[in-house]
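> Predicted structure and sequence below. I'll ask about it afterward.
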Amino acid sequence: MFIPKYTITNKILRDVGIVEAAREIIINAPLVPAWEAKFRKEAIERTIHHGTHLEGNPLSSEEVRDVLEGQEVIARDRDVQEIINYRNVLKFIDGIHTQIGTSGSYSFTIETILEMHKLTTEKILPPESSGHFRIRQVVIKNNEAKQVHPIIKAGIIHYELARIHPFVDGNGRVARGVATLILFLDNYDIRKFFSFEEYFDENPMQYYLTLQAVSNQLVLDTHERDLTPWLEYFTEGVAIELNRVKEKVQRISVDARIKDKLGTQLMLNERQMMIMEYIHRHKALSNKDFRKIFPDYSDDTVLRELKFLRKNGLVKKSGGTKKAAYVLK
């Protein structure tokens, strides 16, 4: 039996607490279907872009989006194939999640990992290497897994797959894909809005150094390595990502309140939602507040968004030109 060695530190507890709070808000947010679909699409694009970029794929987020939409991109065949392959991995994970919803169960086996590797490396590695272990198959079992928090479990499995390095190529993508699947299997799909790949890709050196720091520990047996530093890093990443998603979901929840107010769905862009959320929180928005929420946009841009909101009966202007303030109507 594999029993990983780690300590639940105050940092891990804090970050798991942030994850749980964000998860609760995200799951229960009253989003209209159009935003639900948009969030899932963006999460897939971010996962694929950052997950492959972390492994050296040079395609930009815009180019990745073009590939996913079937448009032609001037790039190496391998780079384009990696994007297509990782999309197929996510489809595979989603298929398993759908199966769980239908049958209520799924048996996670070594074949699951092999299939994910085959999808990851299709047309990149030769058939004899794609979907096959480097030397021999190794099965890692943990009968206590059900007692471990899903975030901790996903982090442990990610580390172990990265440490074992079971494949000729594609180990990182498979490790992160399996970690995502583990979360889904434990009912942590979180509406499929999240992508912790972005956190890793923001500072890839820290990602690899944190993995390596654990592997460099001088122990008699590899299972005696203390995974705590890696789990602190991993849980922090999940917490940061879900907090980002939570904040966007809270802004977009404004859209549901608007539907209740107007009796119809009105799709707002993100700037318009940020304005509505600011006014909702602070009761009013003055001209001098423009820079607080839109430091990278001109006043004319903000005024154009406010004009749209006023035209649709969501906000009204009060006061003179110099002391103008916008409030909820």
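Received it, and whenever you're ready, just let me know what you need. Numbers count the residues shown, from 1 in each chain.
> mind checking how far the most centrally placed residue in the chain is from Ile84?
Nearest residue to the geometric centre of the chain (C-alpha atoms, centre = their mean): Ser195, 1.2 Å. Distance of Ser195 to Ile84, given as C-beta to C-beta, to the nearest Å: 18 Å. Every residue, glycine included, has its C-beta placed from N, CA and C.
> In three-state terms, label the residue nearest to the centre of the chain for me.
With DSSP: H, G, I helix; E, B strand; the rest coil as the basis, Ser195 sits in coil.
> right, and it touches Glu241 too?
Yes. Here Ser195 reaches Glu241: they are 6.6 Å apart, a contact under C-beta atoms under 8 Å.
> give the contact list for the residue nearest to the centre of the chain.
Ala43, Ile44, Arg46, Thr47, His50, Glu241 (C-beta atoms under 8 Å, 6 or more residues apart in numbering).
> Just to check, the second one is in contact with Asn88?
No. The pair Ile44 / Asn88 is not scored as a contact, 11.5 Å apart, by C-beta under 8 Å.
> out of those two, which sits in the busier spot?
Neighbour comparison, Ile44 and Asn88: the larger count goes to Ile44, with 19 against 15 (by other C-beta atoms under 10 Å).
> And the helix or strand hosting that one, how far out from the chain middle?
Applying DSSP states H and E as the criterion places Ile44 in helix 33-53. Centroid separation between helix 33-53 and its chain, computed with C-alpha atoms, centre = their mean, to the nearest Å, is 8 Å.
> buried residues in the helix or strand just after it?
Per DSSP H and E, the first helix or strand lying C-terminal to helix 33-53 is helix 61-68. The neighbour-count criterion (16 or more other C-beta atoms under 10 Å) identifies Glu63, Val64, Arg65, Asp66, Val67, Leu68 as the buried residues of helix 61-68.
> What are the boundaries of the strands in this protein?
285-286, 315-318, 325-328 (DSSP state E).
> May I ask you to name the longest helix in the protein?
Counting residues, the longest helix found in the chain (DSSP state H) is helix 228-262.
> how far away is Leu119 from Asn85?
Leu119 is 6 Å from Asn85, by C-beta to C-beta.
> Which one of those two is surrounded by more residues?
Neighbour count, other C-beta under 10 Å: between Leu119 and Asn85, Leu119 has more, with 24 against 21.
> That one: what's it in contact with?
Asn85, Asn88, Val89, Phe92.
> residues contacting the first one?
Which is Asn85. Neighbours of Asn85 in contact, by C-beta under 8 Å, 6+ apart: Leu119, Thr120, Thr121, Glu122, Lys123, Ile124.
> cool, the second one as well?
For Asn88, the contact set (C-beta under 8 Å, 6+ apart) comprises Leu119, Glu122.
> Please report how far it lies from Lys118.
10 Å.
> where in the stretch 151-300 of the chain is pLDDT low?
Within the stretch 151-300 of the chain, the ranges that satisfy pLDDT under 70 run 253-267.
> Minimum distance to Asn57: which of the strands of the chain has it?
Asn57 sits nearest to strand 285-286 of all the strands of the chain, at 41.4 Å, using C-beta to C-beta.
> Other residues contacting that closest one?
Residues contacting strand 285-286 (C-beta under 8 Å, 6+ apart): Ile275, Tyr278, Ile279, Leu306, Val315, Lys323, Ala324, Ala325, Tyr326, Val327.
> Out of those, flag the one nearest to Glu247.
Tyr278 (12.7 Å).
> Now for the closest one, how many residues are close by?
18.
> Surely it is in contact with Ile293?
Yes. Using C-beta under 8 Å, Tyr278 makes contact with Ile293 at a distance of 5.5 Å.
> check contacts around the residue nearest to Glu55 when sequence neighbours are not counted.
Sequence neighbours aside, Gly172 is the residue nearest to Glu55 in space, at 5.4 Å (criterion: C-beta to C-beta, 6 or more residues apart in numbering). The contact partners of Gly172, by C-beta under 8 Å, 6+ apart, come to Leu54, Glu55, Ala162.
> Relative to Val174, how far out is the closest residue to Leu114 other than its chain neighbours?
In this structure, Leu114 finds its nearest non-sequential neighbour in Gly131, 5.0 Å apart by C-beta to C-beta, 6+ apart. From Gly131 across to Val174, the span is 10 Å (C-beta to C-beta).
> So the two - more neighbours on which side?
Taking neighbours as other C-beta under 10 Å, Gly131 and Val174 compare with Val174 leading, 24 against 19.
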